[in-house]
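In: show me the folded form of this:
(2 chains)
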Amino acid sequence: MNCKKVILELTSYLDGVLDSNMRLDLEQHLSRCTDCRLVVDTCRKTIQIFCNSEPVPLPEDVRQRLHTALLERFRRNAKST
Amino acid sequence: MVPCQMSVARLCAQPPGAHWILSATDPKPLASAIVRDDEGLLVSAAKAGDTAAFEELVNRYERKIFRLGMNITQNREDAEDVMQDAFLKSYQNLDRFQGDSRFYTWLVRIAVNEALMKLRKRRPNQVSLDEPLTDGDGEDSVFREIEDWGPSPEKKFAQVELNEILNSVIGELDPIFRVAFLLRDVEGLSTEETAQILGISSAAVKSRLLRARLKLRQKLNKYFRRSETQ
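Out: Numbering: from 1, shown residues only, chains lettered A, B, ... in the order given. A predicted model of the protein is given here:
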């Protein structure tokens, strides 16, 4: 496997859906290619950092307005049926 | 990729003696793990006119839909509109929901469409959902900037600063790449679900996801490379 192929298969590899023979080939390449190893490592960390980031909070006033709008829609629907 | 909590655990799992290699042997957890089993019952009850059942669905997903709206539009007012419109439209069209996908997936599809419409209104000439032409910033340029980030690069920043960095770099992505990344890697939807939501093939989702991951990696490099902080 060459470097270009590693990049093409990167998403499948990171997602754990790469065919086992292909995965072995790719990991053999990683064991001898520092550049690809760093790309895989930093790409994995990129995903981790976004996943671990603080979730955007839902402000209470925004939530209140949503539920007020819903109640209004429920009432309107009940009247029309 | 899988829902965040699980994906992190799996991404962190490393075979002995090879600390940089991902464990790719674990079975892939189902994206549906983020949905409680009674979602179908709630949807049926809501369809039959039980507004409390619909409110329960709203309570479950309001935070996720608001977060998705914020991440796509990068604007709080737009995110609020996206969330309200997504829930009101899903309620109004509940009888059209056939149950051939999860309710959550259907809801996300409505929210993504609303969010992209917001973006198009804000920047009509800049936001396109067509595949961008090769811009020299994709797979071919991946080996331009290769540097070690160290074991926990994010710890070099305070939480507030880190959030600003992440918001900034994701905001710089083309919307089509941003949405693919958010749905797959942040919201934890499967490739198939993401394809269904975006109305594209699974292969196209994988291609966009690869571009998104590589671009984000490249953009984060300037903050996280070891040479930057030593």
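In: show me where pLDDT drops low in chain A?
Out: A:81 (pLDDT under 70).
In: show me where it has helices.
Out: A:3-8, A:10-14, A:20-32, A:34-52, A:60-80 (DSSP state H).
In: just chain B next, same as before
Out: Under DSSP H, chain B gives helices at B:4-12, B:39-47, B:51-73, B:76-92, B:103-122, B:159-171, B:175-181, B:191-198, B:202-224, B:226-229.
In: in the fourth one, what's buried?
Out: Within helix B:76-92, the residues that count as buried by 16 or more other C-beta atoms under 10 Å in any protein chain shown are B:78-88, B:90-91. (Glycine included, C-beta is placed from N, CA and C.)
In: re the thing from before, of the helices of chain B, flag the one that's most buried.
Out: helix B:175-181 (a mean of 23; mean count of other C-beta atoms under 10 Å in any protein chain shown).
In: out of the helices of chain A, flag the one nearest B:D148.
Out: helix A:34-52 (6.0 Å; C-beta to C-beta).
In: tell me the centre residue of chain A?
Out: A:I47 (6.4 Å; C-alpha atoms, centre = their mean).
In: my guess is that residue meets A:L14, correct?
Out: Yes. Between A:I47 and A:L14 there is a contact at 6.9 Å, judged by C-beta atoms under 8 Å.
In: A:L58 against B:R63, yeah?
Out: Yes. Under the criterion of C-beta under 8 Å, A:L58 makes contact with B:R63 at 4.7 Å.
In: contacts for stretch B:101-108 next, please.
Out: B:32, B:34-35, B:39-40, B:42-43, B:57, B:61, B:65, B:68, B:86-87, B:90, B:97, B:183, B:187, B:189, B:193, B:196-197 (C-beta atoms under 8 Å, 6 or more residues apart in numbering or on different chains).
In: to clarify, my last question referred to stretch B:80-91.
Out: So stretch B:80-91 is in contact with A:62, A:65-66, A:69-70, A:73, B:46, B:54, B:58, B:62, B:65-66, B:68-69, B:72-73, B:97, B:103, B:106-107, B:110-111, B:114-115, B:118, going by C-beta under 8 Å, 6+ apart.
In: follow-up on the earlier one: format the buried residues of helix B:76-92 as JSON lines; extra columns: pLDDT.
Out: Shown next, in JSON lines, are the buried residues of helix B:76-92 (pLDDT from 0 to 100):
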{"residue": "B:D78", "pLDDT": "96"}
{"residue": "B:A79", "pLDDT": "96"}
{"residue": "B:E80", "pLDDT": "97"}
{"residue": "B:D81", "pLDDT": "97"}
{"residue": "B:V82", "pLDDT": "97"}
{"residue": "B:M83", "pLDDT": "98"}
{"residue": "B:Q84", "pLDDT": "98"}
{"residue": "B:D85", "pLDDT": "97"}
{"residue": "B:A86", "pLDDT": "98"}
{"residue": "B:F87", "pLDDT": "98"}
{"residue": "B:L88", "pLDDT": "97"}
{"residue": "B:S90", "pLDDT": "96"}
{"residue": "B:Y91", "pLDDT": "96"}
